[in-house]
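Pasting the sequence and the predicted model now:
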Amino acid sequence: MNDNLIKEEKISTLNKKAIQLLIVLIIGGTVLGLILSNIFVTEANDRIQHFADEFGTYVPPDFPFRVTPLTPSEIFLPTLGVIVVCISMFLLIGLIAVYFRVFVKTKSKYIAGLLFFLVPLFIQSIFSVNTLRSLFVSSAIPFGHGIRESIGFELGGLGQILVIVSLFESIGLGILLYLSNE
């Protein structure tokens, strides 16, 4: 009988406040990521359209510029990357707020060190969003065939690597935020 009470108590101690905070931050990051992705796709397609307008309808076979808009398959991974980085940014904002609140109460040097670690990580996330923006429009940049794939979202390209790193960063930040709210 006593064991039953302990098991029920452990199940009910799931930190609902932390889970709610995580859900709100993930939704906020997703919304911001979708908005930014839409802006980036529009910018890339405008740039591509500018090249098409400038050079006309005839495209020589060795023409280095793209003249067709981005397809949905070309947009998927970059959009996912922007969403994941924006989720990381929102999780970092949540962590900074939690640790700042703890620092104000405790004046702990350890918490101050965590804040000095999280703020540059947040700034790095801002730069990652800008890098992904640049990679969105990389399809309109006149590079050689191999260079475009290595900086874009092709297998092993910079964009794909950035998305994978950001995904693991978001998972780690989510776990840290949950544990920090216990």
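Yep, it's here.

residue ranges with poor pLDDT in this protein?
In the predicted model, the chain carries pLDDT under 70 at residues 1-13, 51-52, 54-67, 138-156.

In it, mark out all the helices, start to finish.
Taking DSSP state H as the criterion, the chain contains helices spanning 2-12, 16-55, 72-106, 109-136, 145-151, 158-180.

Would you mind measuring from the most centrally placed residue in the chain to Gln124?
By Cα atoms, centre = their mean, the chain has its centre lying nearest to Val85, at 1.2 Å. According to Cβ to Cβ, to the nearest Å, Val85 and Gln124 sit 10 Å apart. Glycine gets a C-beta too; all of them are placed from N, C-alpha and C.

Likewise for Ile39?
Using Cβ to Cβ, we find Ile39 at a distance of 21 Å from Gln124.

With Asp53 instead?
From Asp53 to Gln124 the distance is 37 Å (Cβ to Cβ).

same deal with Gly81?
For Gly81 relative to Gln124 (Cβ to Cβ), the value is 15 Å.

Then Val41?
Using Cβ to Cβ, Val41 is found at 24 Å from Gln124.

These two: which is more packed in?
Neighbours per residue, other Cβ atoms under 10 Å: of Val41 and Gln124, the larger number sits with Val41, 20 against 14.

If we ignore the residues flanking it in sequence, what's nearest that one?
Using Cβ to Cβ, 6 or more residues apart in numbering and skipping the chain neighbours, the partner closest in space to Val41 is Ile75 (5.6 Å).

I am finished for the moment; much appreciated.
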